[in-house]
Structures are given as C-alpha cells and as structure tokens.
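Engineer: prediction below, plus the sequence it came from.
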2 protein chains.
Amino acid sequence: MAKSTTPGNPAAVKQRGVTMKDVAKHAGVSRTAVSFVLSNRENASISEETRTRINEAVQELGYRPNAGARALASQRSDWYGIVTEIVTAPFAVDIIKGAQDQAWLDRRFLLIAPSDQADAVGPNQGLEDAATEKLLEQRVEGLLYAATFHRGVHVPASANEVPTVLINCFDADGKLPSIVPDERAGGRVAVERLLQAGHTRIGVINLDPAIPAAVGRLEGAREALAVAGLELDPELVVSGYATADGGYEAACRILDRYPQEGRPTALFCLNDRMAMGAYDAIKERGLTIPGDVAVIGFDNQELIAAYLRPKLTTVALPFEKMGALGVQTLTALTAGQPIIADQQLVDCPLLERSSV
Amino acid sequence: MAKSTTPGNPAAVKQRGVTMKDVAKHAGVSRTAVSFVLSNRENASISEETRTRINEAVQELGYRPNAGARALASQRSDWYGIVTEIVTAPFAVDIIKGAQDQAWLDRRFLLIAPSDQADAVGPNQGLEDAATEKLLEQRVEGLLYAATFHRGVHVPASANEVPTVLINCFDADGKLPSIVPDERAGGRVAVERLLQAGHTRIGVINLDPAIPAAVGRLEGAREALAVAGLELDPELVVSGYATADGGYEAACRILDRYPQEGRPTALFCLNDRMAMGAYDAIKERGLTIPGDVAVIGFDNQELIAAYLRPKLTTVALPFEKMGALGVQTLTALTAGQPIIADQQLVDCPLLERSSV
DNA sequence: TTCAGTTAGTAACGCGCGTTATCAACAGCG
DNA sequence: CGCTGTTGATAACGCGCGTTACTAACTGAA
C-alpha cells in the first residue's frame, strides 16, 4: 500500500515541504522574522542572537525556499526564456551554454523551450508560438530567440509583452535588438591571415550567395584584399552545397581549372564542412596541406576542425559569447536601461591550427 | 521618468497581468466559475451559456494562466529538472532534445541546469549540488541526470527528495534507476555486419579498456565472433586515445604489423573520432575503403560519420531515445508506478552508410 | 513623571489560483 | 404544503512567501 506520491526511496521519507512557518516555529519566532533574515533586509532590526537562531533552524530543518511562491509574492521570477531549435543544432547548444552560464552568474534561471522550425514562416510556426506562450505562462521576465544559422526571422507577436533579444538572427520586420556575428570582420581576418602567409592567389568556396553569412564573409574577404591592393578573381569564387561533398566538388572545380601555374595557393572555405571536402580534393591530387595549398575554414565546428589532418585553421563563430551577451542585454533591458544598439556585432576570432 | 519595469516597446503598453479576477468581472461571473471552466472540471455544473461567455472573455482579454500560482495552489508544478554537462557536450544536446520532446508531449516543462563537471567527485561537485538545489527550489517533481559518456556517477544527496533517473550513466553507490545504451548489443551488431560482409579477420581499435563503453562493445564483438566460430585475435586489438590522432596511430600499428597477407580486412573502431583517424591511415597506404579495408565506427557523431568520405557506417548511440525514456520513466515514477527495472538498456541501431 | 525615539519583533494583507463548502432557485413527489 | 434532489453558481480558505503597518518594551532627555 505504497503512497502514490512518495518515491520508493526510503531516504525520502522526510516530509516534503518545510516552510517558513516551520522554521519560525522551530526557532520560536514569527514567520516575518524568518522572511526578514532570509532576504537580508537592510532595515530589519533583528537581534544578532535571533538571527543566528533562525539560521540554525533553517539548517536543521533543511529549509529550501519555494521559488514559485516567492515569485508570486514578489512579482518577479528571475527567469528568462530562450526559444531555440534544439534539434539540428550543433551550434545552438553553444549559445545555450553561453546564455546559461551568464544567467547563472546573474542569479537567473533559463527556461529552454523547443522550436522545431527551420523557417519561422513554416508549418511549425504553431509550435514556436506554443513555446513562447508556455514561457510567458511561466512569467519569464525576458525572452531570447536563438537561431542555428545567421538569418532574418519573424518572432511571435506575444514576444512583445516582455523584453526580447535575438541571438544569431535578426528581426525581419520589427525593431527587436539582436546579436549577430561580425561576418565581415571574420572574412577579413581570414583573408588577412592568408595574405600574411604570403598567399596572393586565393580561391573561395562560397555558400549560397544569398544568405547573410556568405554576403558578409565575402565582403570582408574583398576588403582585406583591397587593403593589399588586390582583387578577388571571380573565376576563383565557386559556390556549392554547404556540405563536405559540396566543398569537394567546388574545390575540384577550382583546382582543375588551372593545371599548373595560376592555381590558387590557398582556399578560403566559407564553412568547415566544405573545408573537409576540400581537404579530400587536395589530397586526391597529391597536393599537401598547407605546403601546396593552404586552407582556412569558417565556423570552427570542433568535431571537424580539431580532428581533420592537418588540423584546420578556421574562424570561430562566437556562439557562447553571443549567448552571454544576449542575457546581459536582457538584464540591462529588464533593469530599464536603454539598449546599447539595435544590432550588436560580435567578433569572430581566428583559430590558428595547422592548415595555413 | 520611465518606469523601470516597463519594457521600452510601445506595443507592450497592455497592462501586465490579466488575472482570473479580471476575466470573471468581464464575463460577469465569479472567479470560481472561471477556474472551473479553465480546468475543465468534471462535476462542474456550469451552464453552456456562461461557459462560452467565460471563454470569450478569456480570448478578449488575452488571459494567460500564471503557472507559478497554479503550481502553488495545486501543489504540483509539472516540472522536471535535468542536470547535465552542457559544455563539452556534442551528445548531451541529443539527450536533452529527446527529453524535451517527450516532456512536451507529457505536458511538462523541462528545467535545464548546468553542471560543469567531468568527474562527479571532482572540484565542481559544488556547482552540481547548487544546480540540484536550484532545481529543487523550483519544486521540480523529478530529476534527471545526464552524462556525456557512459560511466558511473555520484549524485548529490538532495536528489533523493524526488524521483530521480540517470541517463547515460549509472549510480555508483545507490539504487537509482538508470538508462544506458546496450553497448554489448551494439558491439555485437557491428561485428555481425562485418561478418555478414565476409570479413573474418577483424581489427579492433579500442578505447581506454577500463570504461564501460569499451568493456561492453568488446564483449559484444567477442560474442558475435563466437557465434561464427571465430575468436578475437589479441594482436589485432589496439587501444589508443579517443581522438582522430589516437585512431590514426592505432590503425597504423595494426596495418603495418602485417605487410601483406594476414592484414585485417576490416576495422571496428570503438568510436567515430578514431575511425576518422583510421581513414587517414588507410588512405595513406594507398588502400581503399571499403574495398581493401572496411571500417565500422561507433557513436554516430553526425558531423564526422556523415561527412567522411566514404560516409562512415557506424553504430548509433540512442541519445534521443534515452532522453525520452528518461522522462517516461520519471512520469511513471511520479505517478507512483513501480520502476520497470533498475537499469534499462536501450538498443544501439546500426547505421548503414558506405564504409563496409 | 512624561514624552519622543529607538530596538525587536509581530499581525495581517495580498500575490493568482485550486478547491471545498455553501447557497439560492427550482423541479418533482408524496 | 413541506420535503428532497438537482442545477448553477459563489464565498471563503489556503498554498508559501514578500511586505507594510503596527505594537510592545526599553531607553534617555526634559
């Protein structure tokens, strides 16, 4: 005849729910006194003696405050919500980690809700709305939306009810503040690194030219070349699917175009997966990395970049930092501070490994 | 003189906090009636007319229930907490996704708390305790602990206060139920696949022989061979660091040991990262995959397995399923049902690609 | 002695909601 | 007409806590 609510574990016999009232009784004081001590009130006027007596009672009874009740009474939850596509997300996890850590530092709790959407206008909009709704039911004080790749998104209307910040994406219609990687600076730093290593003839394996990442990174590459008095040879820019196969094919096309001289001595791959394919194309032709052809990637997908042979030099997307910055921005917003900027750009650091 | 609590957004002027009282007033009924309608009470006895009037009022006012208050009054939160190392976690994210999705189906909310521990007895035990404590303050009804690799762990004592389930790890001391991959069956299925392809001389690139994954997978491999009347040649089992480099070196040792005949025609790599290195070793020697040497991996790390050339056939770790099963088990436990088993094994499916 | 000021603490209200007890109106029945 | 049962609703309590008002006791000064 086991009680249905008690866990089977005998160690859990301890009656659930030690409340402030219990603590008060145990310490022989009023519940108010306990509340004052626990919240460290300034103008409390509680004698040092009863204060310690209360603290002892807290220890002895194993009292644990009830966050929900506290939120209800104080009208603030200390919760933020983050909506993200946790599915396809080799990246989202880093954003979450950054946000989580920062939230922890700020003594806030991060509620994570799933949004299985690839396109905000797609058929799963419903789920995303539901996620937002659920978070608002929890009375989160702010919302974060995180995308797995840099793009424009549409945010559910109800998000307007609390401060909202977008991470790795930007508001396609409204004026919500957002935090995105500085793709342009990233492209610049990548090509600068190649120039610095003496490469002047650089091939580019491009993504879908329409997406923000491609636009920015290519622009940065052009800037870096321009500073050196060079131009990007359109012949050397090849787009492909954002996969290893796509990279392989693109690399083949670039490398085979110039049998001997004229062949680029370096490839700037706009993501690491494509760099992975480029490696194969290069090795297949009996060329060495970085001796004959230097390769630089983008994204710093650990599992690829750190394990390729030779290890891939690449530009990292600052996911953790964006997550942390998102929470910081939210904290500032909820504190009533004005937002710093509509769109904050975060640096993409170069990670030197062995492929340049 | 901006109020500090109002978001800057003008669309958010709508007064915060439409409560049931507001709805009641708007519909001209009592708050109780509203509560009855919203919670779909069985023996409610509310006329159809007032019921619709209430629902209309809910719509018009945009009422949203306050989950915290509801939890306080009903004494159940519908929240589960999951403690996981979200940091180094290419895997944890899949567990979380599985758990998240299942929780969503069960109409529960998953609170995720970080635990930056690599070893439960390490210096970060404090953080893990704090995470658990925080979750209990939120009055979660159950706890999940998820590890990034299969191992024994020590769980904070306070976890005993609510039903607790371990995912991808097991309780090193106590009797907490756990959910782990069936490593042995995985090892078996991998080798069976190789046998089926006609390979009888199989090399094994082993992990640290002490960890549960290595023990189980190797055991499974032996079983499969035994069924075919074969034995594992100890000469062909080489351990190495669980990295691409480690796999490369181990593969070199195996391949170079037998210049020509006697060389194994297949390699069973106990994880995909090592398989990645093995690929290099094989290609370096002018051998083809799977023509000369078939390769099978373990883990199904998407970024590696799906992008290697040729794509890697591997055994998948059922992270999502384990996450989902964890939530299901928790739901059963909190409902007072007896646990199914102390330790539930989850199948590791074979993923056919092109390396065998 | 009286009065203002401090110290140490408590009673009581309300946060938003679930839930139980209660009540009014009305029908049916003897 | 009085009694019971049903329908349709409400008043009131409590969940655990933050917070404001208030009190009682003890100073020290006039």
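Structural biologist: Ah, there it is.
Engineer: quick check: closest non-adjacent residue to the most centrally placed residue in chain A.
Structural biologist: With distances taken as Cα atoms, centre = their mean, the residue of chain A nearest its centroid is residue A:95 (1.7 Å). Once flanking residues are discounted, residue A:95 sits nearest to residue A:323: 4.1 Å by Cβ to Cβ, 6 or more residues apart in numbering or on different chains. Just so you know, the C-beta spots here come from the backbone N, C-alpha and C atoms, and that holds for glycine as well.
Engineer: quickly list what residue A:111 is bridged to.
Structural biologist: Beta-bridge partners recorded for residue A:111 (DSSP bridges): residue A:81, residue B:111.
Engineer: for it, the count of nearby residues, please.
Structural biologist: Look at residue A:111: counted by other Cβ atoms under 10 Å in any protein chain shown, it has 23 neighbours.
Engineer: just the pLDDT at it, thanks.
Structural biologist: With respect to pLDDT, residue A:111 scores 89.
Engineer: and what of residue A:193?
Structural biologist: 98.
Engineer: now residue A:176
Structural biologist: Residue A:176 is given a pLDDT of 92.
Engineer: what do you get for the one 4 residues further on?
Structural biologist: At residue A:180, the pLDDT value in this model is 97.
Engineer: residues contacting it?
Structural biologist: By Cβ atoms under 8 Å, 6 or more residues apart in numbering or on different chains, the residues touching residue A:180 are A:150, A:168, A:169, A:170, A:212, A:322, A:343, A:344, A:345, A:346.
Engineer: DNA strand C: which of those residues is nearest?
Structural biologist: residue A:169 (31.5 Å; Cβ to the nearest atom of the strand).
Engineer: about what we covered before: A helix includes the residue nearest to the centre of chain A, no?
Structural biologist: Yes: assessed by DSSP: H, G, I helix; E, B strand; the rest coil, residue A:95 belongs to a helix.
Engineer: would you mind measuring from it to residue A:282?
Structural biologist: 32 Å (Cβ to Cβ, to the nearest Å).
Engineer: can you check residue A:229 too?
Structural biologist: The gap separating residue A:229 from residue A:282 is 28 Å, by Cβ to Cβ.
Engineer: who has more neighbours, these two?
Structural biologist: Neighbour count, other Cβ under 10 Å: between residue A:229 and residue A:282, residue A:282 has more, with 23 against 7.
Engineer: model confidence score at the residue nearest to the centre of chain A, please.
Structural biologist: If you check residue A:95, the pLDDT there is 90.
Engineer: separation between it and chain B?
Structural biologist: Residue A:95 sits 11 Å away from chain B, going by Cβ to the nearest Cβ, to the nearest Å.
Engineer: quick check: that residue touching residue A:84?
Structural biologist: Yes: counting by Cβ atoms under 8 Å, residue A:84 is a contact partner of residue A:95 at 6.9 Å.
Engineer: anything in contact with each of these two?
Structural biologist: residue A:146.
Engineer: what strand or helix carries residue A:71?
Structural biologist: Residue A:71 belongs to helix A:67-74 when elements are defined using DSSP states H and E.
Engineer: pull out the buried residues from that helix.
Structural biologist: Residues A:67, A:68, A:69, A:70, A:71, A:72 are the ones in helix A:67-74 that count as buried (16 or more other Cβ atoms under 10 Å in any protein chain shown).
Engineer: will you turn those into JSON lines that also has distance to chain B and pLDDT?
Structural biologist: Formatted as JSON lines, these follow (distance: Cβ to the nearest Cβ, whole Å; pLDDT from 0 to 100):
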{"residue": "A:67", "distance to chain B": "5", "pLDDT": "95"}
{"residue": "A:68", "distance to chain B": "4", "pLDDT": "95"}
{"residue": "A:69", "distance to chain B": "5", "pLDDT": "96"}
{"residue": "A:70", "distance to chain B": "9", "pLDDT": "96"}
{"residue": "A:71", "distance to chain B": "5", "pLDDT": "95"}
{"residue": "A:72", "distance to chain B": "5", "pLDDT": "95"}
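Engineer: follow-up on the earlier one: in helices only, show me the contacts of residue A:180.
Structural biologist: A:212, A:322 (DSSP state H).
Engineer: most neighbours among the contacts of residue A:180, which one?
Structural biologist: residue A:168 (28 neighbours).
Engineer: and that one, what does it touch?
Structural biologist: Taking Cβ under 8 Å, 6+ apart as the test, what residue A:168 contacts is A:91, A:95, A:146, A:147, A:148, A:149, A:150, A:179, A:180, A:181, A:319, A:322.
Engineer: the last one is in contact with residue A:179, isn't it?
Structural biologist: The one in question is residue A:322. Yes: with contacts counted by Cβ under 8 Å, residue A:322 reaches residue A:179, the gap being 5.0 Å.
Engineer: where does the stretch 201-350 of chain A have low pLDDT?
Structural biologist: By pLDDT under 70, the stretch 201-350 of chain A has no low-scoring segment.
Engineer: that one: helices as residue ranges?
Structural biologist: For the stretch 201-350 of chain A, the helices defined by DSSP state H, counting those that start in this stretch cover A:212-227, A:244-257, A:272-284, A:302-305, A:319-334.
Engineer: do the fourth one and chain B meet at all?
Structural biologist: The reference is to helix A:302-305. Yes: using Cβ under 8 Å from any Cβ of the partner chain, helix A:302-305 comes into contact with chain B via A:302, A:303, A:304.
Engineer: out of those residues, which are buried?
Structural biologist: Buried members of the residues of helix A:302-305 next to chain B, counted by 16+ other Cβ under 10 Å: A:303, A:304.
Engineer: is it possible to export the residues of helix A:302-305 next to chain B to CSV including distance to DNA strand C?
Structural biologist: Shown next, in CSV, are the residues of helix A:302-305 next to chain B (distance: Cβ to the nearest atom of the strand, whole Å):
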residue, distance to DNA strand C
A:302, 44
A:303, 45
A:304, 48
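Engineer: residue A:206: which of the residues of helix A:302-305 next to chain B is nearest?
Structural biologist: Among those, residue A:304 lies closest to residue A:206 (Cβ to Cβ), at 18.2 Å.
Engineer: ok, and the closest non-adjacent residue to the closest one?
Structural biologist: Ranked by Cβ to Cβ, 6+ apart and with sequence neighbours excluded, the top spatial neighbour of residue A:304 is residue A:272, at 4.6 Å.
Engineer: neighbours of that neighbour, just the number please.
Structural biologist: 26.
Engineer: hmm, back to that, what's the closest of the residues of helix A:302-305 next to chain B to residue B:352?
Structural biologist: The shortest approach to residue B:352 among the residues of helix A:302-305 next to chain B belongs to residue A:303, at 21.1 Å (Cβ to Cβ).
Engineer: pretty sure the closest one contacts residue B:304?
Structural biologist: Yes: in this structure residue A:303 lies within contact range of residue B:304 using Cβ under 8 Å: 5.7 Å.
Engineer: returning to what we had before: contact partners for the residue nearest to residue A:304?
Structural biologist: Counting by Cβ under 8 Å, 6+ apart, the residues that residue A:272 touches are A:297, A:298, A:299, A:300, A:301, A:304, A:305, A:312, A:314.
Engineer: now stretch A:263-278, how far from the centre of its chain.
Structural biologist: In this view, stretch A:263-278 has its centroid 25 Å away from the chain centroid, taken as Cα atoms, centre = their mean, to the nearest Å.
Engineer: still on that earlier bit, of the buried residues of helix A:67-74, list those near DNA strand C.
Structural biologist: Restricting those to those touching DNA strand C (Cβ under 7 Å from any atom of the strand) yields A:69, A:72.
Engineer: so which pair among the buried residues of helix A:67-74 is furthest apart in space?
Structural biologist: Between any two of the buried residues of helix A:67-74 (Cβ to Cβ), the greatest distance is 9.7 Å, for A:67 and A:72.
Engineer: any idea how far residue A:219 lies from DNA strand C?
Structural biologist: Distance, residue A:219 to DNA strand C, by Cβ to the nearest atom of the strand, to the nearest Å: 50 Å.
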